[in-house]
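Enquirer: Sequence unavailable; structure follows:
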C-alpha cells in the first residue's frame, strides 16, 4: 500500500452524489438531456445577484491590482472580516470583532480547519443522522472517527434522547447542520436548548468541553415565515461555519468564514489555533471574492424560484402517494422509499431516468434526497416519469 491507510475508506466510499451526477451525464449522452431528470446535485440554479458582478468589476477597476490579487493576513482582509462581524452583530445582536472572523475556502475548509485543530488520532466527532455525507470523510482525514446518532424518523429533529449513548470520553465535537441537508428541516430553538442540556450533562461525565460546529450554508434559504435559531443563543461552545455558496450562488468561488464567539471556553487557544490550521492547507481564502462578498452582505437569494419549485415538487409527489417531508429550508426534499428494498427503488427510479440520491450515505437508509435547485421545466417534465415510478411501486 502506497497511500495512507485512513484514505482507503474515502476511496471506497467516494461521493455517491458526484457519482450519480456523472451517471446522469452519461445517460444524457445516450437518451438526450431532456429525457434525464437529475435531482442529484445541490448546485444553485438561481444566478448570483447583479451586485456580485458589479462588485467584482468595481474592485478590479478601482483597487490596486497588487492589493486585489496579493497575499493578505491568513485570516483574510481585515476590512472584510470587520464588515462580516458588523453584519452579524446587526442581525443577531452578537458582539463579534474582526479578530473573531476567519475567512475560509468555503464551509468545507472551515469545518476541516476546526477538525484538525481539535482531533487527536482516535478522537470522535458526532453527527445526527441524516447528515451531509462528506462529514465522514472530513473526520477520517483529520484522524478522527465519526459517530452517528440514529435519525428520529418521526420528527427529524435532533435525536437528543439517543445522544447520551453515543458520547464517550473521546468525543470532542458535534456537527449540527441547520437548516439540514438532506431533509430541509429546521432544528428549533427548543431542540437546541435540549442539545445544550445534554452536552452539559455529558461534559460533567467525561471531564472536558464538547464544542459544536454549526454548519450554516443554507442560513438564508428558509420558507413559510420560519425563522432559523441563532446557534450561539442556545449553545455555549459553538463555532459557526458559513458559506456564500448558496446565499449568493457562488459554489465554485469557494468562499466562507468561521465565526468564533468570544464567550466560548478556551477562546484564545481556539482562535489562535484556527488561525494556524486554516492556513495549513489553504494559505488564505481567494482574495477578489473576499472583497466581493463584503460588498454583498445584504444581498439575498431569489427564494421565490426555489420556493415555487419546492411547492411544485412536493405537491406532485404527495399527490402520487409518495411520503415526503415538506422542506422548511435549503433546496432539498426528503422522500421515503415506498418499498422496503430501497436499493430496488433507486434502481427503478433510474429506469425512469430519475436520479435520486440514496440517503444511506447520509446515515438514513430507506430515504432519498431530491435537489430541487433545478429548472421548473425539468421538474414538470419529470412528472410523467414519477407517475410511472409510482405505478411500479404500486402506489
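Expert: Happy to help now that I have it. Computed from a predicted model, the values in this text were never measured in an experiment.

Enquirer: Map the structural domains onto the sequence of this protein.
Expert: Using automatic domain parsing, the domain parsing of the chain gives 5-48+301-392, 50-295.

Enquirer: Return the distance of residue 306 relative to residue 160.
Expert: According to CB to CB, to the nearest Å, residue 306 and residue 160 sit 29 Å apart. C-beta here means a position set from N, CA and C on the backbone, and glycine is covered the same way.

Enquirer: ditto for residue 110
Expert: Separation of residue 110 from residue 160 (CB to CB) stands at 25 Å.

Enquirer: Those two: which has the busier surroundings?
Expert: Per other CB atoms under 10 Å, whichever of residue 110 and residue 160 has more neighbours is residue 110, with 29 against 19.

Enquirer: thought the more buried one was touching residue 241?
Expert: Yes: counting by CB atoms under 8 Å, residue 110 does reach residue 241; the two are 4.1 Å apart.

Enquirer: mind listing the strands for this structure?
Expert: Assignment of strands within the chain using DSSP state E yields the ranges 37-38, 101-104, 124-128, 145-149, 171-177, 211-215, 238-243, 256-259, 332-336, 354-355, 357-358, 367-371.

Enquirer: So which of those has the densest surroundings on average?
Expert: Most buried of those by mean neighbour count (mean count of other CB atoms under 10 Å) is strand 101-104; its value is a mean of 27.

Enquirer: quick one on the thing from earlier: between the strands of the chain, which one is closest to residue 25.
Expert: strand 37-38 (8.6 Å; CB to CB).

Enquirer: quick one: strands adjacent to that closest one?
Expert: Strand pairing for strand 37-38, using DSSP bridges, gives strand 354-355 (parallel).

Enquirer: what does the strand it pairs with rub up against?
Expert: With contact meaning CB atoms under 8 Å, 6 or more residues apart in numbering, strand 354-355 is reached by 20-21, 23-24, 27, 36-40, 349, 382, 385-386, 389.

Enquirer: swap the cut-off to 7 Å and go again
Expert: Identification of contacts with strand 354-355 by CB atoms under 7 Å, 6 or more residues apart in numbering yields 20, 23-24, 37-40, 382, 385-386, 389.

Enquirer: any idea which of those residues has the most stuff around it?
Expert: Within the contacts of strand 354-355, residue 39 tops the neighbour count with 26 neighbours, counted by other CB under 10 Å.

Enquirer: List the contacts of that residue.
Expert: Residues near residue 39 by CB under 7 Å, 6+ apart: 355-356, 370-371, 374.

Enquirer: export the residues you listed to CSV and tack on distance to residue 334 and pLDDT?
Expert: Below are those laid out as CSV (distance: CB to CB, whole Å; pLDDT from 0 to 100):
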residue, distance to residue 334, pLDDT
355, 16, 94
356, 11, 94
370, 8, 97
371, 11, 97
374, 16, 96
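
Enquirer: Which pair of these spans the longest distance?
Expert: For the contacts of residue 39, the farthest-apart pair by CB to CB is 356 and 374; their separation is 12.5 Å.

Enquirer: just the helices in this structure please.
Expert: For the chain, applying DSSP state H gives helices covering 8-12, 16-31, 50-62, 65-68, 78-92, 106-118, 134-141, 160-166, 189-206, 267-282, 287-295, 303-319, 342-351, 376-392.

Enquirer: how far does the first one sit from the chain's center?
Expert: I take that to be helix 8-12. In terms of CA atoms, centre = their mean, to the nearest Å, the gap separating the centre of helix 8-12 from the centre of its chain is 21 Å.

Enquirer: Can you give the contact residues for that helix?
Expert: Taking CB under 7 Å, 6+ apart as the rule, helix 8-12 contacts 137, 140.

Enquirer: do that again at 10 Å, thanks
Expert: With CB atoms under 10 Å, 6 or more residues apart in numbering as the test, helix 8-12 has contacts from 1, 3-4, 134, 136-138, 140-141.

Enquirer: picking that back up, could you identify which of the helices of the chain is most buried?
Expert: For the helices of the chain, the largest average neighbour count (mean count of other CB under 10 Å) is found in helix 106-118, namely a mean of 25.

Enquirer: Now do the contacts for residue 70.
Expert: Neighbour list for residue 70: 64, 287 [criterion: CB under 10 Å, 6+ apart].

Enquirer: Could you measure from it over to residue 284?
Expert: Distance, residue 70 to residue 284, using CB to CB: 10 Å.

Enquirer: now do residue 327
Expert: To residue 284, residue 327 is 35 Å away according to CB to CB.

Enquirer: can you list the weak-confidence ranges in this structure?
Expert: Scanning the chain for pLDDT under 70 picks out 1, 12-18.

Enquirer: wait, isn't residue 7 in contact with residue 140?
Expert: Yes: between residue 7 and residue 140 there is a contact under CB atoms under 10 Å: 8.0 Å.

Enquirer: Apart from its chain neighbours, what residue comes closest to residue 312?
Expert: residue 379 (5.6 Å; CB to CB, 6 or more residues apart in numbering).

Enquirer: TSV please, covering the contacts of strand 354-355 and showing distance to residue 87.
Expert: As requested, the contacts of strand 354-355 are exported to TSV (distance: CB to CB, whole Å):
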residue	distance to residue 87
20	36
23	40
24	37
37	38
38	35
39	33
40	33
382	38
385	43
386	41
389	44
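
Enquirer: ok so, going back, residue 231: which of the contacts of residue 39 is nearest?
Expert: Closest to residue 231 out of the contacts of residue 39 is residue 371 (24.4 Å), distances taken as CB to CB.
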